[in-house]
Structure formats: C-alpha cells, structure tokens
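Trainee: next come a sequence and a model predicted from it.
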Amino acid sequence: MLAHKFIDFMYEPDNALTNYTYEGYQPTVLSLDKQTALDKGYLPPSLDYTFVTEDMLPMGVTELELAPAVNQLYQQIYQEVTGGAA
C-alpha cells in the first residue's frame, strides 16, 4: 500500500517536475510543455528534440518478445560477455 502512495505522490505535478530536475526523465504531466521545460531549465536547448508530446505516443516503440531460439542465443552471448555474472 505504501508503494501506491509513493506513486501517487510522484504523479502530482509539482513532485513530478522536481523529480525531473534530478532524474532527467520526462514525467507524464500534461501541464508540462516543451517551451516551459526549456524556460525552467528542465530540458537543455540541445535536447529539445527529445521532448515527448502526447501526439507522439501512438508512434511509440513497442518491445516484442524474442523468438525462443533468438532469446537463447542472446542469453548465451550475454553470459559470455559478463562472465556469468547476473
């Protein structure tokens, strides 16, 4: 139950924007627009193209499940690269 209260807290616009200044991840706050994010320094001008607007959401990237053979190959290579570390 405590986790739900924390999530609710983080979705409150003022808290979400404060967190944005620490984390750099754009919150899902409809009251925030690109110009405000730039004006308040939440977003540097060099990264203005990264601001996600509501009309962009239908174009989002969907992660799909890998085919079993591909997943097995990925896991094998991952284990080789990490030396078996989890």
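Mentor: Received the coordinates, thanks.
Trainee: what about A67, how many residues close to it?
Mentor: 9 (other Cβ atoms under 10 Å). C-beta: built from backbone N, CA, C; applies to glycine.
Trainee: ranges for the helices of the chain?
Mentor: 2-11, 13-23, 34-39, 68-82 (DSSP state H).
Trainee: adding distance to T50 and mean pLDDT, write those out as JSON lines.
Mentor: JSON lines is the format used below for the helices of the chain (distance: least, Cβ to Cβ, whole Å; pLDDT from 0 to 100):
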{"stretch": "helix 2-11", "distance to T50": "21", "mean pLDDT": "87"}
{"stretch": "helix 13-23", "distance to T50": "12", "mean pLDDT": "87"}
{"stretch": "helix 34-39", "distance to T50": "10", "mean pLDDT": "92"}
{"stretch": "helix 68-82", "distance to T50": "28", "mean pLDDT": "92"}
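Trainee: pipe those helices into a markdown table and attach mean neighbour count and distance to M59 per row.
Mentor: What follows is these, written out as a markdown table (neighbours: other Cβ atoms under 10 Å; distance: least, Cβ to Cβ, whole Å):
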| stretch | mean neighbour count | distance to M59 |
| --- | --- | --- |
| helix 2-11 | 10 | 24 |
| helix 13-23 | 13 | 22 |
| helix 34-39 | 14 | 16 |
| helix 68-82 | 10 | 25 |
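Trainee: noted, bye for now.
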